[in-house]
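Visitor: need coordinates for the below:
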Amino acid sequence: MTQLPTCHAIARKGHAADATLTVTLSYEDRFLRRKVLTADSGEAFLVDLAHTESLDQDDAFLLGDGRAVRVLAAAEPLLAVSGADLPRLAWHVGNRHTPCQIEAARLLIQRDHVIRDMLARIGAEVTEVTEPFTPEGGAYGHGRTHGHDHSHSHGPAPVQAHAHAHAHSHSHGQDHGHSHGHDHPHDH
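Guide: Numbering: from 1, shown residues only. The predicted structure follows:
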């Protein structure tokens, strides 16, 4: 059995060596730690990173043999969102923790009929497109929301009915977790 070229490191856009190969991956497939990938040329290679990484268009996998494989964003089914009040529409998308590619005249999001219907109800023009998806990374890192479950209210509530706990738990193939909040009684 032939051993595959292996990647243990990545180079971010602008810091990548001259790539001799490319690999075209969807947004979901650009979130990985260990996986066999096939370059666009047909050559297989093993990605074996220390931690789960979110890769962007023009990042590169650095192979142990000195070659680099440039990452290209695959065309995938998306929704193009536009309208007279694009900042307001962007707020509604962000409020749902939905990955979003922000452009001057439109937003691109993954196809989701619930989000589509909500946006149409508030006046957005929503069109199905097939394009590469390169959403914003988020203010606190990669911005990925896999397995990120939380519950909280986004509207006003009576003073007598409020809670102060807000916990997060997520897993990306690593053993870690965290929570934020406090637990103490409130007398009203």
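
Visitor: mind giving me the domain split of this protein?
Guide: Domains of the chain are assigned by automatic domain parsing as 6-73, 76-132.

Visitor: as a markdown table, those domains with mean neighbour count and mean pLDDT would be great.
Guide: Every C-beta, even on glycine, is put in place using the N, C-alpha and C of the backbone. Conversion of the domains of the chain to a markdown table gives the following (neighbours: other Cβ atoms under 10 Å; pLDDT from 0 to 100):
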| stretch | mean neighbour count | mean pLDDT |
| --- | --- | --- |
| domain 6-73 | 16 | 94 |
| domain 76-132 | 15 | 97 |
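
Visitor: I'd like the distance from stretch 76-91 to the chain centre, please.
Guide: 17 Å (Cα atoms, centre = their mean, to the nearest Å).

Visitor: so what touches that stretch?
Guide: 26-27, 93, 100, 102, 105-112, 115-116, 119, 122-133 (Cβ atoms under 8 Å, 6 or more residues apart in numbering).

Visitor: taking those residues one by one, which sit in strands?
Guide: Of the contacts of stretch 76-91, the ones assigned to strands by DSSP state E are 100, 102, 107-110, 125-132.

Visitor: now the helices for this protein?
Guide: In the chain, the helices defined using DSSP state H lie at 86-95, 113-121.

Visitor: and the longest one with strand 125-132, angle?
Guide: Put plainly, it is helix 86-95. 70 degrees (axes from the mean of the first three to the mean of the last three Cα atoms, to 10 degrees).

Visitor: relative to helix 113-121, how tilted is helix 86-95?
Guide: Using the same axes, to 10 degrees: helix 86-95 against helix 113-121 is 150 degrees.

Visitor: residue 134 touches residue 56, doesn't it?
Guide: Yes - assessed by Cβ atoms under 8 Å, residue 134 is found in contact with residue 56 at 6.3 Å.

Visitor: before we move on, back to that, looking at the ones in strands among the contacts of stretch 76-91, which is nearest residue 52?
Guide: Distance ranking of those against residue 52, using Cβ to Cβ, places residue 110 first at 19.4 Å.
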